[in-house]
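Engineer: Next one to model:
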Amino acid sequence: MKHLSKLWQALPLVALLVVAALTLTSCGGDDEPQGTVIDYYINVEEELLVNGESNSTGRFLNPVTRMREAIRSVYPTANAQGADMAVLAACEKEQVDYIQMYTGLPEHLTCMFHLVRVVKDGTRVKLSERLKTYVYDINPKATDVED
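Structural biologist: All right, here's what the predicted structure looks like:
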């Protein structure tokens with residue numbers, strides 16, 4: 001009889017474990033978005049450099065981060081339609097704002113990256129297209145080289 005009593009005492013614990021296991025496991029469905037969507041990202045070719053070096057870039061806002069934020073401000077979530085014109089306009093404005101912010105300083109700032117449009121099916125990229133390359137060359141130093 002004592003053995004049967006211990007089984008009844010353990011039953012709530014077993015039930016709790018079964019409920020927890022069922023709650024925490026996936027239903028077998030794919031958690032990724034289904035269907036074809038269009039998204040945009042930045043492909044960095046040259047990180048921000050100050051006077052040709054990367055050791056003092058922390059004093060300046062990162063143009064890549066700002067460009068990503070500009071994209072997400074007009075296109076927060078990937079969808080089937082895309083928004084090429086809105087994304088390009090936001091990127092153009094961000095580049096102009098950034099250049100104006102640092103023009104006239106003694107430091108020479110350089111950076112280069114590409115705006116890329118991707119067509120995805122779930123997490124798989126089906127098509128990738130470069131829309132525009134952004135080159136930052138702020139406060140270039142004059143050279144004495146003659147052509």
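
Engineer: lowest confidence element among the helices and strands of this structure?
Structural biologist: One helix or strand of the chain scores below all others by mean pLDDT, DSSP states H and E: helix 2-24, with a mean of 59.

Engineer: how far out from the middle of the chain is the following helix or strand past it?
Structural biologist: Note on helix 2-24: by DSSP states H and E, the next helix or strand toward the C-terminus is strand 36-50. Strand 36-50 has its C-alpha centroid displaced from the chain centroid by 8 Å (C-alpha atoms, centre = their mean, to the nearest Å).

Engineer: Just name whatever secondary elements strand 36-50 is in contact with.
Structural biologist: Contacts defined by 3 or more C-beta pairs under 8 Å, 6 or more residues apart in numbering; DSSP states H and E place strand 36-50 against helix 63-74, strand 109-121, strand 124-138. C-beta here means a position set from N, CA and C on the backbone, and glycine is covered the same way.

Engineer: mind putting those in a markdown table, mean neighbour count and distance to Asp39 included?
Structural biologist: Formatted as a markdown table, those follow (neighbours: other C-beta atoms under 10 Å; distance: least, C-beta to C-beta, whole Å):
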| stretch | mean neighbour count | distance to Asp39 |
| --- | --- | --- |
| helix 63-74 | 17 | 9 |
| strand 109-121 | 18 | 5 |
| strand 124-138 | 13 | 9 |
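
Engineer: Sweet, I'm off.
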